[in-house]
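>>> Mind folding the following:
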Amino acid sequence: MSVAGSSVSAPLALQTSPSPTAVLGTVGLLALFLSVTAHLAARNVLGDVAVVKALGVGIGPAIISTVTTLLSLPSVLGVGLALAVDAGAIYLLYRQPRRTTALITAIHAIVTVILGAVVGGAVILYLSAPA
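Residues are numbered from 1 along each chain as shown. Predicted structure coming up:
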């Protein structure tokens with residue numbers, strides 16, 4: 001059997017499972033990003049708020065996002081669950097009425113999408129720039 005024939009019949013691994021360090025790094029960076037956007041949203045609605053509270057808001061959706069991706073669950077389920085956990089964390093940490101909590105959650109989602117698109121676009125532009 002030739003070398004080319006054996007390589008064609010061998011299974012090809014397209015993706016390996018991520019290391020625990022990569023998963024923790026992803027959750028940590030995403031939680032930090034979501035905490036910054038949560039602080040911006042809460043500050044927009046409530047005025048001056050403690051930064052520490054936003055750190056508690058960011059970790060839940062970050063974990064849900066990573067688990068949804070790792071388990072290949074439908075993204076609609078992950079987004080819905082992340083928004084519910086986000087609203088719950090905002091409700092518990094900021095001690096606001098449900099209507100204010102919904103407003104902060106909506107602004108948090110909008111700010112996250114906008115800032116994520118801007119930062120992601122900037123990174124893509126930087127990486128694709130000619131040397």
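
>>> any idea how far residue 100 lies from residue 126?
As for residue 100, its distance to residue 126 is 38 Å (criterion: CB to CB, to the nearest Å). (C-beta placed from N, C-alpha, C; glycine too.)

>>> Oh, that last question was meant for residue 43, not what I typed.
With distances taken as CB to CB, residue 43 is found 28 Å from residue 126.

>>> pLDDT weak spots in this structure?
Applying pLDDT under 70 to the chain flags residues 1-15.

>>> That one: strands as residue ranges?
Along the chain, no segments are classed as strands by DSSP state E.

>>> For the protein, which segments count as helices?
In the chain, the helices defined using DSSP state H lie at 3-9, 20-46, 51-70, 75-94, 98-128.

>>> Can you tell me which of the ones you listed is most buried?
For these, the largest average neighbour count (mean count of other CB atoms under 10 Å) is found in helix 51-70, namely a mean of 18.

>>> Which strands or helices does it pack on?
In this structure, helix 51-70 packs against helix 20-46, helix 75-94, with contacts taken as 3 or more CB pairs under 8 Å, 6 or more residues apart in numbering; DSSP states H and E.

>>> Quick one: these as TSV, columns for distance to residue 116 too.
Shown next, in TSV, are these (distance: least, CB to CB, whole Å):
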stretch	distance to residue 116
helix 20-46	8
helix 75-94	13
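
>>> if I look at the closest residue in space to residue 78 that isn't next to it in sequence, how far off is residue 61?
Leaving aside its sequence neighbours, residue 78 sits nearest to residue 68 (CB to CB, 6 or more residues apart in numbering; 3.1 Å). Distance, residue 68 to residue 61, using CB to CB: 10 Å.

>>> Right, I'll call it a day here.
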